[in-house]
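K.L.:
please work out how this folds:
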Amino acid sequence: MQRLLDRLTCQKDWQNHCLAFVYGLVMTFAYAPFGQWYLVFPVFLLLCWPLPQLTARQSLYRGLWFGLGYFGAGMSWVYISIYYFGDTGVILSTLFTIALVSLLAVFPALALSCLNRFFKNYSITAYWLAAWPLAWLGFEWLRSWIFTGLPWLNLGHTQIDGPLSAFYPVLGANLVSLLICWFVGIAILLLRRNSGVMVASGLAAIILISTVVFTDKTWVTPRGESLSVISIQPKVAQDKKWDPAYRIESMWYLLDNTQGLKEDLVIWPEAAIPALPHQVLDFLETVDALAVSQNQTVLTGIPLYEDDKFYNGIILLGNDQGEYRKRHLVPFGEYVPYEEQLRGLISFFDMPMSSFSKGQFKQPQLKIAGHTVAMAICYEIIFQDLVEQQIQGADYLVTLSNDAWFGDSHGPVQHLEIARIRALENGIPIIRSTNDGVSAFIDADGKLLKTLGKGVRGNIAHEVELYSGSTWYRNIGPLYSWVILFSVLILPLLFAGLRQKLNG
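P.N.:
Down below sits the predicted model:
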């Protein structure tokens, strides 16, 4: 077995690069739409097997080529939004996509390089069970924060349909990332049969027993209340979305399909009304009157304007009133960093509605039919800290999105996968309403109850069950979960370093 692994992880530079790139490509299949969650373990085993024999420089290149394959295949959908809707042409679109993928590839490259630069002389047990997870999780956390963050394709996002999903309600996707790193380290220690076998075996036993315990754990229970909800998916082509000539047609489609509905809550997706409120005041008054007459609330995405600032927003019409303004914006999609320097260079930086401002971090929660609802617009659902803060005291969460930007790529189903993780982490039902798919009802266990697929025009309805109780993760919060996880890794390293110093 060791010979086979040595052959598959050859240390010659060009073979090292090519194999690492292939491992990154294969890693994509662990995520939606493929869902082969188990692939993450052999892929990471092959990636990490030769690391102790590599220099920090070799590790850097190994991580870089892995990242190019990983993010190049997993986030290739970025090209679609740049090329088709940024009007940049093939060459510039390709260059922008390569630049983004290369930037993201720097994070695994630095993780593997730092691992060997700072921890190569530690005991083999500390190297694999503390230093390796610390390096990977540290740079995964950094990627979720720097440049406003992009926690897409995080390691922990692979396990929503695997046995390790039992740990999402405990410490969130962070813990799942740690467990994957531990399993790889344990496998390497056992295969090499070195001094860390006993510790590795004990840790493996603890994880397996915990998996059984948490799988049987019931975090939240139905409380006997529900809300009837219908989500309308209008399937408006992105190139027509902001065209004033097409605006009336798309808005009246939504209104026509709301008439006669009996549900408590009708949901229209992100920016379903592609105009500012004062521009379509008569239409909003018509919707409001219709919703009141049908004894319901209409929740819709709409851009808002106040004090010379534009916001990506949500408003309520009918029985309930209120609004929400998006707090975490998409760089270059909803705002342009260094706007004065970049505006006008190419049309990509002048895309429609790319001058939004952030909504206040603390906003009043909305009430619908006497129940508290949390909000997340599109990109916001991928940020676990923002979601956890928003849902405190909420009965369910509604997330609106417009994934038409990404065509028929993997992006929309990966987005849905992350929403499922947020539901399971926090033990809260999530309603996902999108422009052209995938709209979905997700229960508090992260299971898909109903979906309306990509490119389909229509609606889905469901009786959303409300729950009592909470998960550990929802109670302690993502910040404390990171503190706990890093402490678990840093303390053994401090102990190992002190022991190494005393023995030396």
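
K.L.:
the host helix or strand of Trp14 packs against which elements?
P.N.:
Counting by DSSP states H and E, the element that carries Trp14 is helix 13-27. Contacts defined by 3 or more CB pairs under 8 Å, 6 or more residues apart in numbering; DSSP states H and E place helix 13-27 against helix 40-48, helix 56-74. (Glycine included, C-beta is placed from N, CA and C.)

K.L.:
in it, what's buried?
P.N.:
Buried positions in helix 13-27, judged by neighbour count with 16 or more other CB atoms under 10 Å: Asn16, His17, Leu19, Ala20, Phe21, Val22, Tyr23, Gly24, Leu25, Val26, Met27.

K.L.:
do you have the helices of the stretch 401-504 of the chain handy? List them.
P.N.:
Secondary structure of the stretch 401-504 of the chain, counting by DSSP state H, counting those that start in this stretch: helices at 411-426, 472-476, 478-503.

K.L.:
ignore the last one, the stretch 51-200 of the chain
P.N.:
Assigned by DSSP H, counting those that start in this stretch, the stretch 51-200 of the chain shows helices spanning 56-74, 78-86, 89-119, 124-126, 132-143, 168-192, 197-215.

K.L.:
mean pLDDT added to those helices, as a markdown table?
P.N.:
Shown next, in a markdown table, are the helices of the stretch 51-200 of the chain (pLDDT from 0 to 100):
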| stretch | mean pLDDT |
| --- | --- |
| helix 56-74 | 95 |
| helix 78-86 | 80 |
| helix 89-119 | 93 |
| helix 124-126 | 93 |
| helix 132-143 | 96 |
| helix 168-192 | 96 |
| helix 197-215 | 95 |
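
K.L.:
for Thr434, find the nearest of these.
P.N.:
helix 78-86 (14.9 Å; CB to CB).

K.L.:
need the CA coordinates for stretch 177-197. CSV is fine.
P.N.:
The C-alpha trace of stretch 177-197 is given here as CSV (Å, rounded to 0.1, in the frame of the first residue of the first chain):
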residue,chain,number,x,y,z
SER,A,177,-13.5,20.4,8.1
LEU,A,178,-11.4,19.5,11.2
LEU,A,179,-12.7,15.9,11.2
ILE,A,180,-11.8,15.4,7.5
CYS,A,181,-8.3,16.6,8.2
TRP,A,182,-8.1,14.3,11.2
PHE,A,183,-9.3,11.3,9.2
VAL,A,184,-6.5,11.9,6.7
GLY,A,185,-3.9,12.3,9.4
ILE,A,186,-5.1,9.2,11.1
ALA,A,187,-5.0,7.2,7.9
ILE,A,188,-1.5,8.3,7.2
LEU,A,189,-0.3,7.4,10.7
LEU,A,190,-1.9,4.0,10.5
LEU,A,191,-0.5,3.2,7.0
ARG,A,192,3.0,4.2,8.0
ARG,A,193,2.8,2.3,11.3
ASN,A,194,4.9,4.8,13.2
SER,A,195,4.8,5.9,16.9
GLY,A,196,1.5,7.7,16.5
VAL,A,197,-0.6,4.6,15.8
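
K.L.:
chain center to that stretch: distance?
P.N.:
From the chain centre to the centre of stretch 177-197 is a distance of 27 Å (CA atoms, centre = their mean, to the nearest Å).

K.L.:
and for it, what's in contact with it?
P.N.:
Stretch 177-197 is contacted by residues 1-2, 5, 40-41, 44-45, 48-49, 123-125, 128-129, 132-133, 136-137, 140, 154-156, 158-159, 164, 167, 199-201, 203-204, 207, 485, 488-489 when judged by CB atoms under 8 Å, 6 or more residues apart in numbering.

K.L.:
ditto for stretch 266-280
P.N.:
Contacts of stretch 266-280 (CB under 8 Å, 6+ apart): 229-234, 241-242, 247, 250-251, 254, 258, 283-284, 291, 296-305, 312, 315, 353, 377-378, 398, 400-402, 431, 433-435, 439.

K.L.:
one more pass at 6 Å, please.
P.N.:
Where contact means CB atoms under 6 Å, 6 or more residues apart in numbering, the residues beyond stretch 266-280 that reach it are 230-232, 241-242, 247, 254, 258, 296, 298-303, 305, 377-378, 400-402, 433-435.

K.L.:
can you check stretch 366-384 too?
P.N.:
The contact list for stretch 366-384, computed with CB under 6 Å, 6+ apart, reads 151, 172, 227, 264-265, 270, 297, 312, 314, 320, 322, 324, 326, 328, 330, 365, 386-387, 390-391, 393-401, 418-419, 422, 478.

K.L.:
how near is Tyr246 to Tyr253?
P.N.:
Taking CB to CB, to the nearest Å as the measure, Tyr246 falls 11 Å from Tyr253.

K.L.:
nearest residue to the middle of the chain?
P.N.:
Ile382 (3.2 Å; CA atoms, centre = their mean).

K.L.:
thinking again about what came up before, among the contacts of stretch 266-280, name the ones in strands.
P.N.:
Using DSSP state E, the subset of the contacts of stretch 266-280 located in strands is 230-232, 298-303, 305, 377, 400-401, 433-434.

K.L.:
can you select the buried ones from the residues you listed in ChimeraX?
P.N.:
A single ChimeraX command selects the buried members of the ones in strands among the contacts of stretch 266-280 (16+ other CB under 10 Å):
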select :230,231,232,298,299,300,301,302,303,377,400,401,433,434
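
K.L.:
and the ones in strands among the contacts of stretch 266-280, which two are furthest apart?
P.N.:
Ile230 and Tyr305 (28.5 Å).

K.L.:
okay then, goodbye and thanks.
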